[in-house]
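> Prediction below, plus the sequence it came from.
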Amino acid sequence: VQGEDSVLLFVTAWTVTEIIRYSFYTFSLLDHLPYLIKWARYTLFIVLYPMGVSGELLTIYAALPFVRQAGLYSISLPNKYNFSFDYYAFLILIMISYIPLFLFFPVFPQLYFHMIHQRRKVLSHTEEHKKFE
């Protein structure tokens, strides 16, 4: 699965996000935050967030045949603990769980729209502040 384009998709999203996040924190601590870093922190999530989630889901989907064939991370009965676990079914449940998270318990949209609100608040304040300088 490491060769799948979806891996590149979410790893790129995560990497860019972390570079921006820690640059933002570092420059904020130094009390010298460049506008470009602030703008990137409150703007690039618009693309990076859906890119990361899509990459994760596509990677799980690409791994399903391998997981099923290899029985990867699965525990079958009988065993001394009288316990079974099917990792293939677990991955499918994880993928399906994204649907209610988006529709019925809107965690992802809620976070996304919170960031859009923060973007509007922080960047418009910056623009007003620049007018008075």
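On my side now, so go ahead. Residues are numbered from 1 along each chain as shown.
> Quick one: mean pLDDT over stretch 85-94.
Averaging pLDDT along stretch 85-94 gives 95.
> try stretch 47-66
For stretch 47-66, the mean per-residue pLDDT is 93.
> Name the residues of it that are buried.
Neighbour-count burial for stretch 47-66 flags 48-49, 51-53, 55-56, 58-60, 63 (criterion: 16 or more other CB atoms under 10 Å). In this view, the C-beta of every residue, glycine as well, is placed from N, C-alpha and C.
> likewise stretch 113-122?
Within stretch 113-122, the residues that count as buried by 16+ other CB under 10 Å are 115, 119.
> Which ones among the buried residues of stretch 47-66 lie within helices?
48-49, 51-53, 55-56, 58-60, 63 (DSSP state H).
> elements contacting the helix or strand encompassing Phe10?
Counting by DSSP states H and E, the element that carries Phe10 is helix 5-29. Counting contacts by 3 or more CB pairs under 8 Å, 6 or more residues apart in numbering; DSSP states H and E, helix 5-29 packs against helix 35-43, helix 45-70.
> Past the last one, which element shows up next along the chain?
Under the assignment DSSP H and E, the closest C-terminal helix or strand after helix 45-70 is helix 87-103.
> which residues sit against that next one?
Under the criterion CB atoms under 8 Å, 6 or more residues apart in numbering, residues 53, 57, 60-61, 63-64, 67-68, 71-74, 107-109 lie in contact with helix 87-103.
> what would the helices and strands packed on helix 5-29 look like in TSV with distance to Arg120?
Shown next, in TSV, are the helices and strands packed on helix 5-29 (distance: least, CB to CB, whole Å):
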stretch	distance to Arg120
helix 35-43	9
helix 45-70	12
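> coming back round to it: specify which member of the buried residues of stretch 47-66 is nearest to Val1.
Relative to Val1, the closest of those is Ala63; by CB to CB it sits at 4.6 Å.
> that older thread, ok, the ones in helices among the buried residues of stretch 47-66 vs Thr26, which is closest?
Distances from Thr26 to these, taken by CB to CB, are shortest for Leu48, at 19.1 Å.
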